[in-house]
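Colleague: can you look at this prediction? I've put the sequence above it.
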Amino acid sequence: MTAVLEAAAAPGTGRRAHLRRAAAHVLLGNWAGTATVPSRALYPHQWSWDSAFVAIGLRHLAPRRAQRELETLLGAQWGDGRIPHIVFNPSVPLGAYFPSPDFWRSSGTDRAAGAPSTVETSGIVQPPVHALAAWLVHLADPAESRRRGFLPRVYPGLAAWHRYLASSRDLGGGGLAAVVHPWEPGLDNSPSWDASLARVEPAPRGSFRRADLDHGSPADRPTDLDYARYVRLAATYRDHAYDDARTPHAFAVEDPCFNALLIASEHALAAIARVVGADEEAHRRRAAAATRALLDRLWDPAAGVFLPRDLVTDEPVAGYGVSGLVPLIVPGLPEDVAAALTRTALGPRFGLGRVHLVPSYDLTSREFDGNRYWRGPSWFNMAWLVHRGLVRHGETATAGRLRAQALDAAVRTGFAEYLEPYTGEGRGVRRFSWTAALALDLLQSSGDAYESSGDAYESSGDAYEDGAPGGTPGNVPGSASEGVPGGEGPAR
Ligand code: DGY
């Protein structure tokens, strides 16, 4: 039996065993042969940052499958270094997701950007969580990682990805990467993009058909007007062969979360470089320079949060988006900045500890909508990132409460895509891959002081029946070495 199947079938009646089993079922059900789909219905292909988060959880069940997840994604990398936000599965009908491959036309794109000819992809990107994910996957089973040469295999692609972001995407010239479509920072319809998006001429009504509404409630999804603008931006980029220098970007923003992840991943790349014998110091220098740029360009001390910067107006975007809290994960962030961010998270705008997880937008603002995608709902990946940042800065009690809430909510909602922050009710689709994966990671996370400081989730007394507190990646028998059916062949 494979590792994931074993976990799915694992005995045990406690909450911990139940969560592990239920999460494994989700990840098993969403495995499509070479990678994991975020959701069978709504997102039936491979998504870039979803796969990175999936790998972070999957490493606890099947490190080799987690490696494969990232390798499949890197297999669709473009010659210019970009990792596309979607890698399309050719066996899925065109109408199952919009915009489909015939919209993006990646393989027919001018050779300059170097889109692969063997697989269809989108042309935009998503946040660079990948090097961080690769490093965490390696740490889950270093012996298996070494045996398969995982790090030497992924390092060149990850380094090229970071070079692309640092060069072609430094549209502001200030040392940060810009996003050129609201799907790129992953926070699609956040109020943070409203003013910038308002400048974009919507694509004509009736010129496209949304597939997302076949699976999601319209009240939980972006509006038709949002979509018309998303389509216009993507089509303009496509019509300029996805050339960053030539495209007249109507939307160009430096996003705090995107850049914080780039910095955290640059540190991870330094660690990977050390293992593979590449230049570790070059990555550390780039991470330090990007951290300075993040503080210089996006930190707003009066607001106590990082603000996106609109490069079209060259102005900060006012407002409190969860993206502005994510730099808590950045190694070496000045302690006064971290303390201010923590105060903001605990304050009325995000209500940490008083609402469910971390809302995606300011609870006190007129734009807040607790149901609609990124305009207020709480997402598990943001909770995972804020948890990681709180742990980094020694806020273990707050981190512990957030972790307990996330574990509880993941199971209670059937691994919902997101939550209404006040009621904690699930919204969007269920059996969502990164919700399952990140719950698993939070369940397994050891080494944070929280594990030994009293655990609300585990205080039910049945917590440890399937392993030691905190668990260890190795506690699924055979997880490191077995083949996995459905496409995963022997180690290459
Ligand atoms: C969607 O389709 O809703 C995604 O967020 C864009 O990738």
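Modeller: Thanks, I have the structure now. Nothing here was measured: the structure is a model prediction, and the numbers come from that model.
Colleague: what about the strands in this structure?
Modeller: With strands called from DSSP state E, the chain shows them at 46-47, 86-87, 178-179, 253-254, 299-300, 305-306, 309-310, 315-316, 378-379, 418-419, 426-427.
Colleague: of all the ones you listed, which lies closest to His240?
Modeller: Checking these against His240 by CB to CB gives strand 178-179 as the closest, at 15.3 Å. C-beta coordinates here come from the backbone N, C-alpha and C atoms, glycine included.
Colleague: paired strands for that closest one, with orientation please.
Modeller: strand 253-254 (antiparallel) (DSSP bridges).
Colleague: chain center to the strand it pairs with, what's the gap?
Modeller: 17 Å (CA atoms, centre = their mean, to the nearest Å).
Colleague: can you tell me the distance between the two ends of stretch 420-434?
Modeller: 17 Å (CA to CA, to the nearest Å).
Colleague: cool, and stretch 40-60?
Modeller: Counting by CA to CA: the opening and closing residues of stretch 40-60 are 22 Å apart.
Colleague: can you list the buried residues in it?
Modeller: For stretch 40-60, a neighbour-count test (16 or more other CB atoms under 10 Å) marks 41-60 as buried.
Colleague: averaged pLDDT, it. What do you get?
Modeller: The average pLDDT within stretch 40-60 is 97.
Colleague: equivalent analysis for stretch 146-164, please.
Modeller: Rounded mean pLDDT across stretch 146-164 is 98.
Colleague: repeat for stretch 314-326
Modeller: Per-residue pLDDT over stretch 314-326 has a mean of 98.
Colleague: equivalent analysis for stretch 206-226, please.
Modeller: 93.
Colleague: what residues of it count as buried?
Modeller: Across stretch 206-226, burial judged by 16+ other CB under 10 Å covers Phe208, Arg210, Ala211, Asp212, His215, Gly216, Asp220, Arg221, Pro222, Asp226.
Colleague: wait, which of these is closest to Arg372?
Modeller: For these, the nearest to Arg372 is Asp220 (6.2 Å; CB to CB).
Colleague: contacting residues for the closest one?
Modeller: Asn371, Arg372, Tyr373, Pro377, Arg427, Gly428 (CB atoms under 8 Å, 6 or more residues apart in numbering).
Colleague: against Asn189, how distant is the closest residue in space to the second one that isn't next to it in sequence?
Modeller: In this case it means Arg372. Nearest residue to Arg372 in three dimensions, chain neighbours excluded: Asp220, at 6.2 Å (CB to CB, 6 or more residues apart in numbering). Using CB to CB, to the nearest Å, Asp220 is found at 11 Å from Asn189.
Colleague: give me the common contacts of those two.
Modeller: Contacts common to Asp220 and Asn189, judged by CB under 8 Å, 6+ apart, are Arg372, Tyr373.
Colleague: how near is the closest residue to the ligand within the stretch 1-150 of the chain to Ala399?
Modeller: Residue of the stretch 1-150 of the chain nearest the ligand, by CB to the nearest ligand atom: His85 (5.8 Å). Taking CB to CB as the measure, His85 falls 29 Å from Ala399.
Colleague: repeat that for Asp408.
Modeller: From Asp408 across to Ala399, the span is 15 Å (CB to CB).
Colleague: for these two, indicate the residue with more neighbours.
Modeller: Neighbours were counted for Asp408 and for Ala399 using other CB atoms under 10 Å; Ala399 has more, 24 against 17.
Colleague: okay, that one: pLDDT?
Modeller: Per-residue confidence (pLDDT) for Ala399: 97.
Colleague: show me the shaky parts of the stretch 1-150 of the chain.
Modeller: 1-7, 9-13 (pLDDT under 70).
Colleague: kindly report the residues of it close to the ligand.
Modeller: His85 (CB under 6 Å from any ligand atom).
Colleague: quick check: closest non-adjacent residue to Gly353.
Modeller: Per CB to CB, 6+ apart, closest to Gly353 is Arg401, 5.6 Å.
Colleague: the one you found contacts Val355, doesn't it?
Modeller: No. Using CB atoms under 8 Å, Arg401 is not in contact with Val355, being 11.9 Å away.
Colleague: and Gly186, how close does it get to the ligand?
Modeller: Applying CB to the nearest ligand atom, to the nearest Å, the value for Gly186 to the ligand is 7 Å.
Colleague: one step back: ok, now which ones touch the residue of the stretch 1-150 of the chain closest to the ligand?
Modeller: By CB under 8 Å, 6+ apart, the neighbours of His85 are Trp47, Ser48, Trp49, Ser122, Ile124, Val125, Gln126, Trp183, Glu184.
Colleague: how does it look with 7 Å?
Modeller: His85 makes contact with Trp47, Ser48, Ser122, Ile124, Val125, Gln126, Trp183 under the criterion CB atoms under 7 Å, 6 or more residues apart in numbering.
Colleague: what does Gly216 give?
Modeller: Leu42, Gly428, Val429.
Colleague: surely the first one meets Ala211?
Modeller: This points to Leu42. No. Between Leu42 and Ala211 there is no contact under CB atoms under 7 Å: 8.5 Å.
Colleague: looking at the stretch 101-250 of the chain, which residue is nearest the ligand?
Modeller: For the stretch 101-250 of the chain, CB to the nearest ligand atom, closest residue to the ligand: Trp183, 4.2 Å.
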